[in-house]
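> Next come a sequence and a model predicted from it.
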Amino acid sequence: MKAMDEVLLVIDVQNDFMPGGALAVPHGDEVVPAINALASQFAHVVLTQDWHPPQHVSFAEHHAGRQPFETVMLPYGEQVLWPTHCVQNTQGAALHAALSIPHAQAIVRKGYHPQVDSYSAFLEADRKTPTGLAGYLREKHVRRVHCVGLATDFCVAWSALDAKAAGFDVCVIEQACRAIDLNGSLARAWTDLAAAGVARE
Ligand code: VGL
Ligand code: ZN
């Protein structure tokens, strides 16, 4: 059993990120048994859900003439346009049915502001609006955050970097993550994580 000051942060293990889903991550379903096994070793487990309104700014369908996986400039910076995914209260946004973590104690939803994306579980893409997760973990006296889930190079990496910046010890458990890998994003993510001092386990 892990110490009481450690948390397993399970990121976006949702149907739309599974093979056949709206924004499928290759082999995304393989993280489910890995995460179930890990979670049994943690007293503290927190889950996240990507949770977009139907009109969300990250959806390519709302940008005339643009296709999914292109990039646009928004007031807060560059934004990748995605296929419509993880719409609030849909089956696609639901957690994978085989994810089995009955003792998970909180679910953080993110990306619910129509005009701002949030890959990170800690800070929205404007880089200034907190989700509240850092405060929650501090109140629980958590010191170390173990990150797993989908996708390694987007929500997992951004969450790990922000956890580190918020003052936590952070690791990413590679075998319990899978990547989208868009234009070299996976290699870049590992470089950024290493530079920030996030451990790769
Ligand atoms: C994610 C792209 C868009 C993720 C979420 O969970 O990594 N990626 N929304
Ligand atoms: Zn999203």
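Alright, I've got the coordinates. Ligands and ions are numbered 1, 2, ... in the order given.
> how much space between the residue nearest the centre of the chain and ligand 1?
In the chain, the centroid-proximal residue (CA atoms, centre = their mean) is residue 155; its distance is 3.2 Å. Computed as CB to the nearest ligand atom, to the nearest Å, the residue 155 to ligand 1 distance reads 3 Å. For glycine as for every other residue, the C-beta is placed from the backbone atoms N, C-alpha and C.
> ditto for residue 55
Computed as CB to the nearest ligand atom, the residue 55 to ligand 1 distance reads 15 Å.
> which residues are in contact with the strand ranked longest in the chain?
Counting by DSSP state E, the longest strand found in the chain is strand 169-178. For strand 169-178, contacts defined as CB atoms under 8 Å, 6 or more residues apart in numbering pick out 25-28, 30-31, 34-35, 38, 143-152, 156-157, 160, 163-164, 193, 197-201.
> What does the pLDDT read for the residue of the chain most remote from its centre?
Computed with CA atoms, centre = their mean, the residue of the chain farthest from its C-alpha average is residue 65, at 27.9 Å. We have a pLDDT of 97 for residue 65.
> and the closest residue to residue 39 other than its chain neighbours, what is it in contact with?
Using CB to CB, 6 or more residues apart in numbering and skipping residues adjacent in sequence, the residue nearest residue 39 is residue 101, 4.4 Å away. Residues in contact with residue 101 (CB under 8 Å, 6+ apart) are 10, 35-36, 39, 45, 47.
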